[in-house]
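Asker: Got a predicted structure plus its sequence, pasted below:
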Amino acid sequence: MRQKVTTLGQFIIERQSDFPFAKGELSRLLRDIGIAAKLVNREVNKAGLVDILGELGTTNVQGESVKKLDVFANDEFISALSSGGECCAVGSEENEEIVSIQNQVNKDAKYIVCIDPLDGSSNIDVNVSIGTIFSIYRRITPSGHADLTDFLQKGTEQVAAGYVIYGSSTMLVYTTGRGVNGFTLDPSIGEFCLSHPDMRIPENGKIYSINEGNYVHMPSGVKSYIKYCQEEDTTTGRPFSSRYIGSLVADFHRNLLKGGIFMYPATAKSPNGKLRLLYECNPLAWIIEQAGGKASDGQGRILELKPESLHQRTPLFIGSSKMVEMAEQFISKQEA
Ligand code: AHG
Ligand code: MN
Ligand code: MN
């Protein structure tokens, strides 16, 4: 008996009732993101064949060298959002300021989008999984050009959040506050098809993900937790496995499926952590909470952090709830 295929588009329409206040605008916005993801996926799969490798020679607002695919992905998502008509402005890792996409089509748009168009840039030309992360809010300002007021909202105010992982297969995973659902791109029909309904993260796991190259400069509580993960203790399945890909989306996705914790603490190079609150930590924090996990900055809930700037960084501890709680205990002991 042929398995019923539910495409992303069908699923969004079926779940239309998720957003009582919206009359299809958010659905159309999610559809626009799905379209851009397919276009980026097509280029990602050609990386190495097409002249999109190598550094563009510029650096992004973070001072990191920008690969051509970052720029391409940024352009694709912004143009899809501009022509879709539901988004009035974009906050992107690749743009220092807010990108207002106010035009005849978008002039009454109700939503703003924060986006990391290409996550894991350092992995583009070594053929390792990379991703896109997005976060959607209702605008606060009544009309005209959106401003920082619209973007500096707590993560608890998100109306939708998701990521795309361009890996052995390409998946789009998102939440609108009613659980987490994963869709795998079927290249033969060019559609994202529901493959992982109602995703849940195991409350405990045996994988820890962290760049141990930064060990020397980590806070002592984090060092103690790493040592805890490495100790022999059969009753808790330790030592845990260390898995670190260097693409947040790929490390996050593996831990969501298998259980585990991803950590990017404060380091000497990144005293506030490296990952950005608006377009990396908040969307993934909502997704993990919707899947039964936790996301903390080491002290408290990521989603409760009040952003002060567009590219603000935060330490991040995210994954299985019991593992995040354990890491928080080690960190609070350090401070005692
Ligand atoms: P981006 O490519 O969007 O700048 O993100 C890279 C991030 C994240 O994907 C990953 O977890 C982290 O950088 C890796 O940082 P280190 O190389 O310092 O470990
Ligand atoms: Mn990133
Ligand atoms: Mn990026």
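Answerer: That came through, no problem. The model shown is predicted, which means the values in this text are computed figures rather than measured ones. Ligands and ions are numbered 1, 2, ... in the order given.

Asker: and the closest residue to ligand 2 within the chain, how many neighbours?
Answerer: The nearest approach of the chain to ligand 2 comes at D119, 3.4 Å away (C-beta to the ion). Just so you know, the C-beta spots here come from the backbone N, C-alpha and C atoms, and that holds for glycine as well. D119 has 29 neighbours, counted by other C-beta atoms under 10 Å.

Asker: That one contacts V249, doesn't it?
Answerer: Yes - counting by C-beta atoms under 8 Å, V249 is a contact partner of D119 at 4.9 Å.

Asker: Give the residues shared as contacts by the two.
Answerer: Residues touching both D119 and V249 (C-beta atoms under 8 Å, 6 or more residues apart in numbering): I130, G131, T132, I133, Y163.

Asker: Filter those residues down to just the ones in strands.
Answerer: Among those, the members falling in strands (DSSP state E) are I130, G131, T132, I133, Y163.

Asker: Check whether N103 sits in a helix, strand or coil.
Answerer: Using DSSP: H, G, I helix; E, B strand; the rest coil, the structure places N103 in coil.

Asker: Correct me if wrong: it contacts S82.
Answerer: Yes - look at N103 against S82 with C-beta under 8 Å: they come within range, at 6.8 Å.

Asker: who's more crowded, those two?
Answerer: With neighbours defined as other C-beta under 10 Å, N103 and S82 compare such that S82 has more, 19 against 12.

Asker: Not counting residues beside it along the chain, what's closest to the more buried one?
Answerer: I101 (4.3 Å; C-beta to C-beta, 6 or more residues apart in numbering).

Asker: Could you measure from that neighbour over to G205?
Answerer: To G205, I101 is 40 Å away according to C-beta to C-beta, to the nearest Å.

Asker: and what of C87?
Answerer: 35 Å.

Asker: Have a look at these two and say which one is more surrounded.
Answerer: C87 (27 against 21).

Asker: on that earlier part again, which residues sit in contact with the residue nearest to S82?
Answerer: Contacts of I101 (C-beta under 8 Å, 6+ apart): I78, L81, S82, C87, C88, A89, V90, A109.

Asker: Just the pLDDT for it.
Answerer: For I101, the model assigns a pLDDT of 91.

Asker: Please apply the same query to the one 10 residues further on.
Answerer: What the model reports as pLDDT for Y111 is 95.

Asker: I'd say it and S27 touch.
Answerer: No - contact criterion C-beta under 8 Å: Y111 and S27 do not qualify, at 11.4 Å.

Asker: Who has more neighbours out of the two?
Answerer: Ranked by neighbour count (other C-beta under 10 Å), Y111 and S27 place Y111 first, with 24 against 21.

Asker: which residues does the more buried one contact?
Answerer: Going by C-beta under 8 Å, 6+ apart, the list of residues near Y111 reads E25, L26, L29, E86, C87, C88, I136, Y137, R138, R139, V159.

Asker: what about the first one, how many neighbours?
Answerer: Which is E25. Number of residues near E25 (other C-beta under 10 Å) recorded here: 19.

Asker: Got phi/psi on the nearest residue to it once chain neighbours are set aside?
Answerer: Nearest residue to E25 in three dimensions, chain neighbours excluded: E86, at 4.7 Å (C-beta to C-beta, 6+ apart). When read as degrees, to the nearest 10, the backbone of E86 gives phi -100, psi -10.

Asker: What is the burial count for E86?
Answerer: 23.

Asker: Tell me the confidence at it?
Answerer: E86 is given a pLDDT of 92.

Asker: repeat for T59
Answerer: Note on T59: pLDDT of 62.

Asker: Likewise for Q16?
Answerer: 76.

Asker: ok, now which ones touch it?
Answerer: Contacts for Q16 (C-beta under 8 Å, 6+ apart) come out as G24, S27.

Asker: Check the secondary structure at the closest residue in space to I12 that isn't next to it in sequence for me.
Answerer: Residue nearest to I12 in three dimensions, not counting chain neighbours: S27, with 4.6 Å by C-beta to C-beta, 6+ apart. Using three-state DSSP, the structure places S27 in helix.

Asker: Just to check, S27 is in contact with Q10?
Answerer: No - in this structure S27 lies outside contact range of Q10 using C-beta under 8 Å: 11.0 Å.

Asker: where does the chain dip in pLDDT?
Answerer: 1-2, 17-23, 47-67, 335-336 (pLDDT under 70).

Asker: Tell me which residue is most central in it.
Answerer: Most central in the chain under C-alpha atoms, centre = their mean is I133, positioned 3.6 Å from the mean C-alpha point.

Asker: From I210, how far off is the residue nearest to I12?
Answerer: 38 Å.

Asker: cool, and E157?
Answerer: Here E157 is placed at a distance of 29 Å from I210 (C-beta to C-beta).

Asker: Show me the protein divided up by domain.
Answerer: Taking automatic domain parsing as the criterion, the chain consists of the domains 8-196, 207-335.

Asker: Fine by me, thanks again.
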